[in-house]
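Engineer: Just the structure for this:
(2 chains)
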Amino acid sequence: MESNTSATTAALGTPTDVHQSIGLLTRQLHDALNGLGMTDKVKCLAGEIPDAKSRLSYIARVTGEAAEKVLNRVDQAKAQQDHIAAETRRIGALIVKDPVAAVAKGHVMNFITDVEESTKQVDQHLTEIMMAQDFHDLTGQVIAKVVTLAANIEEQLVQLLIQTAPHEPVAKPVAPATMASLPHQPLLAGPAINPKGNPDVVSGQSEVDDLLASLGF
Amino acid sequence: MANELRFLVVDDFSTMRRIVRNLLKESGYADADEAEDGVVALHKLRNSTFHFVVSDINMPNMNGFQLLAEIKKDEKLKHLPVLMVTAEARKEDIVMAAQQGAAGYIVKPFTKATLEDKVNLILTKLGLK
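Structural biologist: Numbers count the residues shown, from 1 in each chain, chains lettered A, B, ... in the order given. Okay, here's the model as predicted:
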């Protein structure tokens, strides 16, 4: 390792030379981007990267919450099912032992009421499990935006390569992905990633209702 | 009358179409069809009978705002209530939807109760429930 470092340093010169070389390269890149009029685009794309990071965090959060919700509801529904199964066995044994007493003492009626209540609750759990699948829509929109950003960065880099390529004949570059070639380009804002502290977006249905009510709708 | 109403659910995500259809069914509105974007929705609306549209906004080909505008300028369709169910949470989008004639606006993620309440409220206002 030490010999590699020494060899590299020897090839580039002293540390001061290396530092100057990096400085020169940075200056050349800056001038090249300026000359090509690309600094704004690069700045703009660089500015979108933190947004992409928060979008990816949003996906992780929403999918995590959905999984948690589904697992919790499944646990509750299974407990309900176990209860009904146990009650069914118990009431079955009572009926076999003394059918008249099972009805007369209200065991059968209590069981029916219990089953009705439990099935109602299981149905609610199933509805919530179904609702949890809405993460597919929400994260899908966010993923589409991150893909668009990645495609834009790729396009700009390819453009930079083309404009800075040596003049000798080189293989024709592959055409960059264009906006039109992407499968789905949502033009709207999509889900609110960080609604807190953003006065331009609503954070929930109650704010939508308040806004519409304030407008007389 | 209410359970004889026919709904059109418009969303580019099949998962969401299925969720909305199931919720409508649980609320007593079992008759529903689907469309994956505004173009398909408009075609179905012009070639069949529907009483209620539940539409997403962010869709390819023709988005929800464009669909709403097409519905409102069509003499035969303009009476149709259009409930926007969307992830678009910007206030300007909500205001624009209301100004363009949307009957209601639900922001995703939403609950079964929210959808049921909004649909029932709109139907009651229109005297269809």
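
Engineer: interface residues of chain B facing chain A?
Structural biologist: Residues of chain B lying near chain A by C-beta under 8 Å from any C-beta of the partner chain: B:11-13, B:15-16, B:19, B:22-23, B:26, B:57-58, B:60, B:63, B:87-95, B:98, B:104-112, B:114. For the C-beta atoms, the positions are set from N, CA and C on the backbone; glycine is no exception.

Engineer: So which of those sit within strands?
Structural biologist: Judged by DSSP state E, strands contain the following of the residues of chain B next to chain A: B:104, B:105, B:106, B:107.

Engineer: and the residues you listed as TSV, adding distance to residue A:120?
Structural biologist: Listed next are those as TSV, based on distance: C-beta to C-beta, whole Å:
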residue	distance to residue A:120
B:104	28
B:105	31
B:106	25
B:107	28
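
Engineer: In helices only, show me the residues of chain B next to chain A.
Structural biologist: Using DSSP state H, the subset of the residues of chain B next to chain A located in helices is B:15-16, B:19, B:22-23, B:26, B:91-95, B:98, B:112, B:114.

Engineer: from those residues, which would you call buried?
Structural biologist: Neighbour counting by 16 or more other C-beta atoms under 10 Å in any protein chain shown classes B:16, B:19, B:22, B:23, B:26, B:93, B:94, B:95, B:98, B:112, B:114 among those as buried.

Engineer: residues touching the fifth one, list them.
Structural biologist: For residue B:26, the contact set (C-beta atoms under 8 Å, 6 or more residues apart in numbering or on different chains) comprises A:127, B:112.

Engineer: Out of the ones in helices among the residues of chain B next to chain A, which two sit at the greatest distance?
Structural biologist: Based on C-beta to C-beta, the longest span within those runs between B:26 and B:92 and measures 32.8 Å.

Engineer: for the record, mean pLDDT for the helix ranked longest in chain A?
Structural biologist: Counting residues, the longest helix found in chain A (DSSP H) is helix A:39-97. Averaging pLDDT along helix A:39-97 gives 87.

Engineer: Between the two ends of stretch A:128-137, how far is it?
Structural biologist: Taking C-alpha to C-alpha, to the nearest Å, stretch A:128-137 runs 16 Å from one end to the other.

Engineer: List the contacts of that stretch.
Structural biologist: Defining contact as C-beta under 8 Å, 6+ apart, one finds that stretch A:128-137 is touched by A:62-63, A:65-66, A:69-70, A:73-74, B:11, B:13, B:15-16, B:19, B:22-23, B:87, B:108-112.

Engineer: can you rerun that using 6 Å?
Structural biologist: With contact meaning C-beta atoms under 6 Å, 6 or more residues apart in numbering or on different chains, stretch A:128-137 is reached by A:62, A:63, A:66, A:69, A:70, A:73, B:13, B:15, B:16, B:19, B:22, B:109.

Engineer: residues near the second one, how many?
Structural biologist: Pointing back at residue A:63 there. Each residue near residue A:63 was counted by other C-beta atoms under 10 Å in any protein chain shown, and the total is 14.

Engineer: Against residue A:209, how distant is the residue nearest the centre of chain A?
Structural biologist: What sits nearest the mean C-alpha location of chain A, by C-alpha atoms, centre = their mean, is residue A:59, with 1.6 Å. According to C-beta to C-beta, to the nearest Å, residue A:59 and residue A:209 sit 28 Å apart.

Engineer: Residue B:120 in helix, strand or coil?
Structural biologist: At residue B:120 the chain is in helix, as set by DSSP: H, G, I helix; E, B strand; the rest coil.

Engineer: which residues does it contact?
Structural biologist: By C-beta under 6 Å, 6+ apart, residue B:120 lies in contact with nothing.

Engineer: thinking again about what came up before, setting the sequence-adjacent residues aside, check what's closest to the residue nearest to the centre of chain A.
Structural biologist: Of all residues not flanking residue A:59 in the chain, residue A:139 sits nearest, at 4.6 Å (C-beta to C-beta, 6 or more residues apart in numbering or on different chains).

Engineer: May I ask which helix or strand encompasses that neighbour?
Structural biologist: Secondary structure assigned from DSSP states H and E places residue A:139 in helix A:135-164.

Engineer: If anything else comes up later, I'll come back, but that's it for now.
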